[in-house]
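Colleague: Sequence and computational prediction follow.
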Amino acid sequence: MILFDIEKTCSDAFLANVMGVIKKVLNLIQIIGPILMMISLTVIFIQFMISPENKKLKGRIKNCILATVILFFLPVVISVVMYLCDDSFSFSTCWNYTEEVMMPTRSTYIDVSAGKKSSFLTDPNDYDEGNTEEESGISSTGNGLGRAQKIKIQYNVRDSSGRCGTGSGDRCAEIATVEYPTRTVKYYMGYQNNSGLLGGSCRSHAFTCGMNAVNNTNYSTLDLQKYLYSTGDQGVLKGRARFEKVISHFDVNATAYFEETSISESIRLAGEALDNGQPVIIFVASSKCSDLASSHHALLLLGYDENGDVVFLDSCARYPSAKKRNLEELGKCMSGDSIAKNWMRMVIFSY
């Protein structure tokens, strides 16, 4: 029951913050505890030298040494156990990634209710080409923008100073340059957005990336999460009501789907959208495809390669080796109805 509750609430900033405090306390204990024990041990040794016949001091020395060892190695043992159990229990997964889920008081937000929309990139031209890239040649069909003709993804992109972002837990970004028959669009995923993010950041990343591409805007993931926090939704993008709020507030031409749309129907709709040059978010489960998620994860589908496999961006840059998969195979990876009902199944954007 405890693990079930944690799975339900791990995305909440409060729980993640509590777990972060516990980890910091353990780290302090690992440093301060042994120091205090060594000081205590020194005092006991001095007392023993003055009164060597005092047998109680020998017991205190043993206890002090044992306490020093326990205080130093306890945090290490806990961290190792949590790491080894990362994909086995929701609690361990939440524990291992708790630094990525912070309270909004640690973030600097931009007010999106009024004023000029500001870029979350210091300067898009300030970023290098990344350490790897991949290009896909694609045939053109469909209406609207038409099926993507060419996709180039730049992985692990850093700025000119070699930074991935402003926070210690920030990951490097990914950029997808997609050539459609009538225009070329860039999708920016994850630029300097990780530090201070609330829970559910993978969906926020993917949605913000798709929204900026189709609306030609420069919102950051933090902008989206600040809006949700202001509405009393704790900044977490999940569920029908919250998706509808975000779509309406940011005036995005997008449709979110939940459990009422079956996985097979979702794949059919996704195929039609990709043929029409529309990006699609799908939600996948680690229980079905462990290489795509540690629990559940949002992927932004962009188009097809020359072999007919779907090319997609991973919304938190966690899985750089998994960038292509057959559309039907992706359907087998999608999260089930119970998750889709409370979180989401897919989102289709339109230009």
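Modeller: Sure, I can see it.
Colleague: Low-confidence stretches in the stretch 51-200 of the chain?
Modeller: 82-144, 156, 158-172, 190-200 (pLDDT under 70).
Colleague: try 80
Modeller: Within the stretch 51-200 of the chain, the segments meeting pLDDT under 80 span 51-59, 61, 68, 71-72, 74-144, 155-174, 190-200.
Colleague: Identify all contacting residues around stretch 50-64.
Modeller: By C-beta atoms under 8 Å, 6 or more residues apart in numbering, the residues outside stretch 50-64 that reach it are 37, 40-41, 44-45, 47-48. In this view, the C-beta of every residue, glycine as well, is placed from N, C-alpha and C.
Colleague: helices and strands around the helix or strand containing Lys245, which ones?
Modeller: Secondary structure from DSSP states H and E places Lys245 in helix 240-249. For helix 240-249, the contact count by 3 or more C-beta pairs under 8 Å, 6 or more residues apart in numbering; DSSP states H and E identifies helix 221-230, strand 254-257 as packing neighbours.
Colleague: What average pLDDT does that helix get?
Modeller: Average pLDDT, helix 240-249: 95.
Colleague: That one vs helix 221-230, what angle?
Modeller: Helix 240-249 and helix 221-230 are oriented at 120 degrees to each other (axes from the mean of the first three to the mean of the last three C-alpha atoms, to 10 degrees).
Colleague: Mind listing what's buried along helix 240-249?
Modeller: Across helix 240-249, burial judged by 16 or more other C-beta atoms under 10 Å covers 240, 242-243, 245-247.
Colleague: can I get those residues in a markdown table with distance to Leu28?
Modeller: Output for the buried residues of helix 240-249, formatted as a markdown table (distance: C-beta to C-beta, whole Å):
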| residue | distance to Leu28 |
| --- | --- |
| Arg240 | 42 |
| Arg242 | 37 |
| Phe243 | 40 |
| Lys245 | 40 |
| Val246 | 39 |
| Ile247 | 44 |
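Colleague: Just name the closest of the contacts of stretch 50-64 to Asp223, please.
Modeller: Using C-beta to C-beta, Met37 is the member of these that lies nearest Asp223, at 48.1 Å.
Colleague: helix or strand for that closest one, which one?
Modeller: Counting by DSSP H and E, the element that carries Met37 is helix 13-50.
Colleague: For that helix, give the mean pLDDT please.
Modeller: If you average the pLDDT over helix 13-50, you get 76.
Colleague: How about stretch 289-297?
Modeller: On average, the pLDDT along stretch 289-297 is 84.
Colleague: what's the answer for stretch 212-229, then?
Modeller: Taken as a whole, stretch 212-229 has an average pLDDT of 86.
Colleague: would you put the C-alpha positions of it in PDB?
Modeller: Included here for stretch 212-229 are C-alpha records, laid out as PDB according to Å, rounded to 0.1, in the frame of the first residue of the first chain:
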ATOM      1  CA  ASN A 212       6.700  26.100 -29.700                       C
ATOM      2  CA  ALA A 213       7.200  24.400 -33.000                       C
ATOM      3  CA  VAL A 214       3.600  24.700 -34.200                       C
ATOM      4  CA  ASN A 215       3.000  28.200 -32.800                       C
ATOM      5  CA  ASN A 216       6.400  29.600 -33.500                       C
ATOM      6  CA  THR A 217       6.900  30.600 -29.900                       C
ATOM      7  CA  ASN A 218       9.700  30.400 -27.400                       C
ATOM      8  CA  TYR A 219       8.100  29.400 -24.100                       C
ATOM      9  CA  SER A 220      10.100  27.300 -21.600                       C
ATOM     10  CA  THR A 221       8.800  24.300 -19.800                       C
ATOM     11  CA  LEU A 222       8.900  26.400 -16.600                       C
ATOM     12  CA  ASP A 223       6.500  28.800 -18.200                       C
ATOM     13  CA  LEU A 224       4.000  26.000 -18.600                       C
ATOM     14  CA  GLN A 225       4.600  24.600 -15.100                       C
ATOM     15  CA  LYS A 226       4.200  28.100 -13.600                       C
ATOM     16  CA  TYR A 227       0.800  28.500 -15.200                       C
ATOM     17  CA  LEU A 228      -0.300  25.100 -13.900                       C
ATOM     18  CA  TYR A 229       1.000  26.000 -10.400                       C
END
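Colleague: If anything else comes up later, I'll come back, but that's it for now.
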